[in-house]
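In: dropping the sequence and predicted coords here.
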Amino acid sequence: MWVKSIKESAARTAKVRARLKAEAAQILNLCEDDAITITEISCGASDCPDSETVMIIMRAGQTAQAIKFRGPAIHIDSMMLQLTLAPLCKTE
């Protein structure tokens, strides 16, 4: 029973990450040579949230940029993503 729960949770997480990657790519006007990774990490330090989501934006030929969100990826909505990524948008 718990194996099914773990598989369902992993599937939900994969869907959330795919949605976030697609939305971020659109917001940032990324091309197919660019990439995004999304990782959820736990932090044991007292000044950290229980978990945070790290998004790495890798534009071809540029230095990668890391964006941190407090909490799990499932809590990141479209508005939060838009507001957080707006300063990184290309102005070309």
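Out: Received the coordinates, thanks.

In: do you have the strands of the protein handy? List them.
Out: 35-42, 51-58, 65-70 (DSSP state E).

In: what comes up buried for the first one?
Out: Buried positions in strand 35-42, judged by neighbour count with 16 or more other Cβ atoms under 10 Å: 36, 38, 40. No exception for glycine: its C-beta is placed from N, CA and C like everyone else's.

In: about what we covered before: out of the strands of the chain, which is closest to residue 20?
Out: With Cβ to Cβ, the closest approach to residue 20 among the strands of the chain belongs to strand 35-42: 5.7 Å.

In: TSV for the strands of the chain, including mean pLDDT and distance to residue 88?
Out: Shown next, in TSV, are the strands of the chain (pLDDT from 0 to 100; distance: least, Cβ to Cβ, whole Å):
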stretch	mean pLDDT	distance to residue 88
strand 35-42	93	11
strand 51-58	94	7
strand 65-70	94	6
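
In: can you list those strands in a markdown table and add distance to residue 27?
Out: Compiled in a markdown table, the strands of the chain are given as follows (distance: least, Cβ to Cβ, whole Å):
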| stretch | distance to residue 27 |
| --- | --- |
| strand 35-42 | 11 |
| strand 51-58 | 10 |
| strand 65-70 | 11 |
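
In: what's the closest of those strands to residue 13?
Out: Nearest of the strands of the chain (Cβ to Cβ): strand 35-42, 7.6 Å.

In: which residues of the protein fall in helices?
Out: For the chain, helices defined by DSSP state H occupy the ranges 2-27, 78-85.

In: by mean pLDDT, show me the worst of those.
Out: Lowest mean pLDDT of these: helix 2-27, a mean of 85.

In: and that helix, what other elements does it pack with?
Out: Judged by 3 or more Cβ pairs under 8 Å, 6 or more residues apart in numbering; DSSP states H and E, the packing partners of helix 2-27 are strand 35-42, strand 51-58, helix 78-85.
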